[in-house]
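Engineer: Build the 3D model from these lines:
(one chain, ligands or ions: 1)
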Amino acid sequence: MQCDYCERYCRLEEGRHGFCRMYANQGGRLVERFPDKWCAYAVSRVETIPFYHAYPGSRCMVVGTAGCNLDCRYCANAYAAKEDPASLADILLDIGPEQLVGLARKQGCHSIVFSINEPTVSLPTLTRVSRAAKAAGMPMGCLTNGYATPAATARLGEIFSFVNVSLKGLDPAFCGDCLGIADSAPVVRNIRELSRVSHVEVTTPVIDGENDHELDAMADILADIDPNIPWHVFRLLPTHKMSQRDYPNIEDINQRLEKLRVRLPYLYFHNFIGSEWVGTRCPGCGAEVITRHSLGCGGDKLDTFRCRGDVCPECGGHIALLGTRVDWNAGEVRA
Ligand code: SF4
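Structural biologist: Next comes the predicted model:
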């Protein structure tokens with residue numbers, strides 16, 4: 001049988017699992033091998049995911065499962081994404097959908113965000129969580145590599161009202177060498193599709209000498225889809241099979257980005273302490289309407305929110321936001 005959750009379209013013999021090791025052929029049925037199993041749950045600031053334009057300042061519950069359909073040589077979460085999920089079975093947490101939503105509520109979270117590994121490899125479980133979350137009025141977001149099939153992408157759009165898609169590179173040689181996929185055309189297609197139904201932000205981890213020369217081409221693609229897409233250029237700190245590589249030079253990358261900010265007003269550059277490019281400026285008048293700071297290693301924080309709802313306080317122009325500011329302590333923390 002063929003698995004049609006992602007663009008690998010694995011063929012699964014009876015009793016065997018696919019590349020991600022999260023789906024198997026059991027008696028001619030495609031089944032999830034580890035339903036309702038989680039590698040972690042933790043409270044986080046939504047800016048840290050990163051989401052800069054969805055419910056700024058809010059508290060979210062970050063969750064992840066195991067397995068991945070890509071094979072990124074620099075993966076920062078290889079402990080969960082690239083380990084054999086069967087070897088983690090004893091330490092995975094067994095939490096049903098209602099219980100997970102209850103935990104998020106108890107921790108005063110405004111949303112549940114799937115991060116750490118790839119949601120496409122756990123779609124049935126996430127569908128059930130989304131029903132429980134919807135009943136509780138809790139939005140869901142995710143990080144995804146965007147390598148899902150069109151049908152699975154439609155399901156992602158139904159589950160998640162805010163999505164951050166990782167556009168890692170365009171060159172087929174880079175995709176083959178560093179990501180273990182043939183090309184990133186499905187990712188671009190899915191950014192376009194998801195942006196029709198959900199709030200979309202895009203993250204590009206920059207690797208010196210590998211994909212830094214493609215920033216212009218990626219900016220063209222995003223500007224064509226929607227110039228208001230928030231784009232996070234992420235200074236990658238390579239690990240896993242690339243741990244010997246140098247960290248990207250901040251000034252070099254920023255020089256490349258300066259001219260792209262004309263095309264993409266919500267272009268950010270972060271994942272290092274003290275970034276000067278984590279504030280939001282109004283595309284109309286240039287006023288800084290949201291300030292943040294970057295703590296490095298994906299730890300970002302909202303400082304000030306000056307918009308009135310989604311309107312610039314200086315010129316009245318529209319700021320592209322999903323929702324508006326949500327106070328960190330808006331949710332009730334229950335004992
Ligand atoms: S989701 Fe997993 S099993 Fe399905 S096609 Fe992708 S890698 Fe293969």
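Engineer: Now do stretch 17-25: distance to the chain's middle.
Structural biologist: Stretch 17-25 has its C-alpha centroid displaced from the chain centroid by 22 Å (C-alpha atoms, centre = their mean, to the nearest Å).
Engineer: The ligand contacts on the protein?
Structural biologist: Counting by C-beta under 6 Å from any ligand atom, the chain comes close to the ligand at 3, 5-6, 8-10, 18-20, 22-23, 69, 120-121. In this view, the C-beta of every residue, glycine as well, is placed from N, C-alpha and C.
Engineer: again, 8 Å this time
Structural biologist: Taking C-beta under 8 Å from any ligand atom as the contact definition, the chain meets the ligand at 2-10, 12, 17-23, 67, 69, 120-121, 147-148, 152.
Engineer: so where's the stretch 51-200 of the chain shaky on pLDDT?
Structural biologist: Along the stretch 51-200 of the chain, the model assigns pLDDT under 70 to no residue.
Engineer: Now do the contacts for the residue in it positioned nearest to the ligand.
Structural biologist: Among the residues of the stretch 51-200 of the chain, N69 lies closest to the ligand, at 3.8 Å counting by C-beta to the nearest ligand atom. Contact analysis of N69 by C-beta atoms under 8 Å, 6 or more residues apart in numbering lists 5-6, 8, 19-20, 118, 120-121, 145, 147.
Engineer: from this protein, which residue is nearest to the ligand?
Structural biologist: G18 (2.3 Å).
Engineer: Which pLDDT value goes with that residue?
Structural biologist: On the pLDDT scale, G18 is placed at 96.
Engineer: same check, this time on R334
Structural biologist: With respect to pLDDT, R334 has a value of 61.
Engineer: Identify the residues contacting the nearest residue to G176 once chain neighbours are set aside.
Structural biologist: Nearest residue to G176, sequence neighbours excluded (C-beta to C-beta, 6 or more residues apart in numbering): A182, at 6.8 Å. Residues near A182 by C-beta under 8 Å, 6+ apart: 172, 175-176.
Engineer: quick one: the helices in the stretch 201-335 of the chain?
Structural biologist: Assigned by DSSP state H, counting those that start in this stretch, the helices in the stretch 201-335 of the chain fall at 215-225, 250-258.
Engineer: Just say which of the ones you listed is most tucked in.
Structural biologist: Of the helices of the stretch 201-335 of the chain, the one with the most neighbours on average (mean count of other C-beta atoms under 10 Å) is helix 215-225, at a mean of 17.
Engineer: tell me which strands and helices it is in contact with?
Structural biologist: helix 185-197, strand 199-206, strand 231-235, helix 250-258 (3 or more C-beta pairs under 8 Å, 6 or more residues apart in numbering; DSSP states H and E).
Engineer: which helices and strands sit right next to the first one?
Structural biologist: Judged by 3+ C-beta pairs under 8 Å, 6+ apart, the packing partners of helix 185-197 are helix 150-159, strand 162-166, strand 199-206, helix 215-225.
Engineer: Tell me which residues are up against it.
Structural biologist: 7, 145-150, 153-154, 156-158, 163, 165-168, 200, 202, 221-222, 225-226, 229.
Engineer: one more time with 6 Å, if that's ok
Structural biologist: Contacts to helix 185-197, defined as C-beta atoms under 6 Å, 6 or more residues apart in numbering, come from residues 7, 146-147, 153, 157, 163, 165, 167, 200, 221, 225-226.
Engineer: what does the shortest one give?
Structural biologist: Residues external to strand 231-235 that are found in contact with it (C-beta under 6 Å, 6+ apart): 50, 202-206, 222, 248, 264, 267-269, 271-272.
Engineer: Can you show me the helices along the stretch 51-200 of the chain?
Structural biologist: 78-81, 85-88, 97-106, 123-135, 150-159, 172-174, 185-197.
Engineer: Adding mean neighbour count, write the ones you listed out as JSON lines.
Structural biologist: Output for these, formatted as JSON lines (neighbours: other C-beta atoms under 10 Å):
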{"stretch": "helix 78-81", "mean neighbour count": "20"}
{"stretch": "helix 85-88", "mean neighbour count": "15"}
{"stretch": "helix 97-106", "mean neighbour count": "18"}
{"stretch": "helix 123-135", "mean neighbour count": "18"}
{"stretch": "helix 150-159", "mean neighbour count": "18"}
{"stretch": "helix 172-174", "mean neighbour count": "14"}
{"stretch": "helix 185-197", "mean neighbour count": "19"}
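Engineer: Using JSON lines, lay out the ones you listed together with distance to V278.
Structural biologist: Formatted as JSON lines, those follow (distance: least, C-beta to C-beta, whole Å):
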{"stretch": "helix 78-81", "distance to V278": "26"}
{"stretch": "helix 85-88", "distance to V278": "34"}
{"stretch": "helix 97-106", "distance to V278": "26"}
{"stretch": "helix 123-135", "distance to V278": "28"}
{"stretch": "helix 150-159", "distance to V278": "27"}
{"stretch": "helix 172-174", "distance to V278": "26"}
{"stretch": "helix 185-197", "distance to V278": "22"}
